[in-house]
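[1] Take this sequence and fold it.
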Amino acid sequence: MKVNEIDLEKFLKSVLPEPELYEVLITAQNISEKRGEFLYFAGGVVRDYFLKTLYKRKVPKIKDLDLVLQGNLENFLKEFLKKVKGESLFKSQFLTYKVKLDLNGKEFLIDFITARKEIYEDVAKLPKVFPSDFRDDILRRDFTINALLIGLSFPYKGILIDLVNGMEDLKEGLIRPLHIYSFIDDPTRIFRGIRYKVRLNFEFSKEFFLALERCFEKSALKKLSGTRLANELKLYLNKEPEKNLEKLLKTTFNLNIFEKAGIKTEKNFFDSIVRHLKELKEELNNKEKEKFFLLSLVSPESLQNACRLGFSEPEIEKIKKHLEIIKELLEKWKKLSLWEKIKVFERIPVPYLLALSVYFPRIRKDVVNFLKKYRKIKPELTGDELIKLGVNEGKEIGRLLELLRKEKIEGKVKTKEDEKNFIAQFLLNKSKN
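    The predicted model follows:
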């Protein structure tokens with residue numbers, strides 16, 4: 001075990017997202033020392049501190065904190081929450097508590113974690129966890145660079161503990177699992193390793209590839225649940241910088257991860273996926289982005305594989321029907337009017353439509369124009385105003401509003417006055433007939 005003394009105050013003031021947290025942590029430190037329990041930081045906050053201070057690397061600003069306690073966390077938190085303004089939101093099955101603090105009117109979340117040991121009873125299954133000491137807690141982690149610990153309280157207050165040469169790998173820029181069976185226990189570690197490699201511009205160690213081989217031999221990725229697999233891929237989209245997405249996807253593809261996870265994908269789709277997400281970021285809500293992203297990773301010839309990414313059987317059947325409709329229209333696509341194309345698009349949910357435009361590049365430009373422009377065009381006249389102009393109540397109102405929208409999209413009417421004139425002419429023609 002390698003130990004080195006550090007400037008604890010400098011560390012705390014460097015990593016804390018909010019200055020008010022300093023006093024909160026000193027309170028936690030005092031309680032743990034009074035109780036004779038060891039409180040420490042581990043994982044990303046320690047890794048990024050040394051990347052920033054020793055190696056002058058740019059790292060993302062810390063948005064949340066994890067604190068680990070070797071001791072009785074439930075009783076510790078009872079004391080802690082008597083001395084600070086906050087509340088425990090929930091306890092997970094993995095002996096972690098999410099605590100919401102009130103920092104002079106600002107809310108801040110901290111995850112408090114019990115130092116624990118994990119036992120994996122089967123390939124790719126969630127582990128059983130048991131309270132343990134800091135050594136077991138460190139040795140259950142994913143990569144050496146995430147297995148560094150800085151003590152906040154006695155007996156290792158202000159001490160950096162390095163059990164697995166994490167500092168050396170940090171210096172060398174290596175992503176190294178703690179053992180070669182790591183990805184059999186938890187295949188999601190592969191996706192985290194890819195994220196760290198791309199985000200930090202590191203390289204994989206030889207042990208990473210050995211662990212990957214063992215994982216493939218046991219078909220561990222195929223045993224990973226669809227929910228967990230989808231969640232890891234969504235982190236590419238939601239937790240990493242936008243500029244890294246294509247590299248993340250290509251790295252995953254080149255390592256053969258998609259195929260080994262039961263997903264047939266097309267590498268040449270990645271550029272279109274990234275372009276769509278960038279170009280349409282203001283047009284899509286997060287749920288639409290995620291669905292489009294996951295679906296477009298599945299080859300159209302293998303849509304049944306979408307079940308591996310959380311799509312239900314009925315949903316997959318609907319997607320297949322939409323795909324067949326577009327396929328049939330492709331030959332005459334250029335001959336279709338703008339309005340005809342829009343009416344096709346309106347029948348397809350947005351995430352599916354975007355995925356189809358990745359599968360069939362011929363419709364891409366029309367889909368983008370539809371989402372950015374044409375679906376937003378609506379008549380200025382309302383149903384009530386149509387009635388005042390002499391239109392009969394009932395289905396005719398809906399039909400005329402749709403007709404007005406078509407005229408606006410095609411540029412035949414532009415102003416509200418044009419719309420009124422159009423309706424007047426319609427009513428005149430109707431009276432003549």
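
[2] Quick one: low-confidence residue ranges for the stretch 151-300 of the chain.
    Along the stretch 151-300 of the chain, no part satisfies pLDDT under 70.

[3] Tell me who's in contact with the closest residue to residue 313 other than its chain neighbours.
    What sits nearest to residue 313 in space, not counting adjacent residues and going by CB to CB, 6 or more residues apart in numbering, is residue 307, at 6.9 Å. For the C-beta atoms, the positions are set from N, CA and C on the backbone; glycine is no exception. Going by CB atoms under 8 Å, 6 or more residues apart in numbering, residue 307 touches 226, 313, 316.

[4] And the second one, how close does it get to residue 378?
    This points to residue 313. In this view, residue 313 and residue 378 are 36 Å apart by CB to CB, to the nearest Å.

[5] more crowded one of these two?
    residue 378 (12 against 9; other CB atoms under 10 Å).

[6] just the helices in the stretch 201-350 of the chain please.
    Here the stretch 201-350 of the chain has its helices, by DSSP state H, counting those that start in this stretch, at 206-217, 220-223, 226-238, 245-254, 257-260, 270-279, 286-296, 313-329, 338-345, 350-359.

[7] who wins for proximity to residue 403 among these?
    Closest to residue 403 of the helices of the stretch 201-350 of the chain, according to CB to CB: helix 338-345, at 10.4 Å.

[8] and the angle for that closest one with helix 350-359?
    110 degrees (axes from the mean of the first three to the mean of the last three CA atoms, to 10 degrees).

[9] measure the residue nearest to residue 313 to residue 229 for me?
    Taken as CB to CB, the span from residue 307 to residue 229 is 11 Å.

[10] Residue 139 too?
    Taken as CB to CB, the span from residue 139 to residue 229 is 26 Å.

[11] starting at the chain centroid, how far to stretch 59-78?
    Put simply, stretch 59-78 sits 23 Å off its chain's centre (CA atoms, centre = their mean, to the nearest Å).

[12] swap in stretch 200-220?
    That offset, for stretch 200-220, works out to 22 Å (CA atoms, centre = their mean).

[13] mind saving the C-alpha coords of it as PDB?
    Provided in PDB are the C-alpha atoms of stretch 200-220 (Å, rounded to 0.1, in the frame of the first residue of the first chain):
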ATOM      1  CA  LEU A 200      -9.100  11.900 -21.000                       C
ATOM      2  CA  ASN A 201      -7.400  11.000 -24.200                       C
ATOM      3  CA  PHE A 202      -5.800   7.900 -22.500                       C
ATOM      4  CA  GLU A 203      -4.900   4.500 -23.900                       C
ATOM      5  CA  PHE A 204      -6.100   1.000 -23.000                       C
ATOM      6  CA  SER A 205      -3.600  -1.200 -21.100                       C
ATOM      7  CA  LYS A 206      -2.900  -4.700 -22.300                       C
ATOM      8  CA  GLU A 207      -4.900  -5.900 -19.300                       C
ATOM      9  CA  PHE A 208      -7.900  -4.100 -20.700                       C
ATOM     10  CA  PHE A 209      -7.800  -6.200 -23.800                       C
ATOM     11  CA  LEU A 210      -7.200  -9.400 -21.800                       C
ATOM     12  CA  ALA A 211     -10.200  -8.600 -19.700                       C
ATOM     13  CA  LEU A 212     -12.200  -8.000 -22.900                       C
ATOM     14  CA  GLU A 213     -11.200 -11.400 -24.300                       C
ATOM     15  CA  ARG A 214     -12.400 -13.100 -21.100                       C
ATOM     16  CA  CYS A 215     -15.600 -11.200 -21.300                       C
ATOM     17  CA  PHE A 216     -16.200 -12.300 -24.900                       C
ATOM     18  CA  GLU A 217     -15.400 -15.900 -24.000                       C
ATOM     19  CA  LYS A 218     -18.200 -15.900 -21.400                       C
ATOM     20  CA  SER A 219     -20.600 -14.000 -23.600                       C
ATOM     21  CA  ALA A 220     -21.000 -11.600 -20.700                       C
END
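
[14] Buried residues, it. List them.
    For stretch 200-220, the neighbour count (16 or more other CB atoms under 10 Å) marks 200, 202, 204-205, 207-208, 210-212, 215-216, 218-220 as buried.

[15] same check, this time on stretch 81-89
    For stretch 81-89, by 16+ other CB under 10 Å, it's residue 86.

[16] now stretch 229-245
    Buried, per 16+ other CB under 10 Å, within stretch 229-245: 229-234, 236-237, 240, 244-245.

[17] Burial check on residue 155, number of neighbours?
    9.

[18] swap in residue 73?
    24.

[19] How about it: what's its closest non-neighbour residue?
    Closest residue in space to residue 73, ignoring its immediate chain neighbours: residue 114 at 4.7 Å, by CB to CB, 6+ apart.

[20] With residue 277 instead?
    residue 289 (6.4 Å).

[21] can you pull the contacts of the one you found?
    237, 277, 281, 351.

[22] The first one and residue 256, how far apart?
    The one in question is residue 237. Distance from residue 237 to residue 256, by CB to CB: 21 Å.

[23] cool, residue 344 as well?
    37 Å.

[24] Neighbour count for the two, which is higher?
    Under the neighbour definition other CB under 10 Å, residue 344 and residue 256 were set side by side, and residue 344 has more, 19 against 12.

[25] ok, that one touching residue 330?
    No: Residue 344 is beyond contact range of residue 330, at 11.4 Å (criterion: CB atoms under 8 Å).

[26] List the contacts of the residue lying closest to residue 128 once chain neighbours are set aside.
    With CB to CB, 6+ apart as the criterion, residue 128 has its nearest non-adjacent residue at 4.9 Å, and that residue is residue 119. Going by CB under 8 Å, 6+ apart, residue 119 touches 127-130.

[27] For ChimeraX, write a command that selects the buried ones of those.
    Buried residues within the contacts of residue 119, by 16+ other CB under 10 Å, are selected in ChimeraX with:
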select :127,129
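
[28] Would you format the contacts of residue 119 as a markdown table with secondary structure and pLDDT included?
    Shown next, in a markdown table, are the contacts of residue 119 (DSSP: H, G, I helix; E, B strand; the rest coil; pLDDT from 0 to 100):
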| residue | secondary structure | pLDDT |
| --- | --- | --- |
| 127 | coil | 94 |
| 128 | strand | 94 |
| 129 | strand | 95 |
| 130 | strand | 95 |
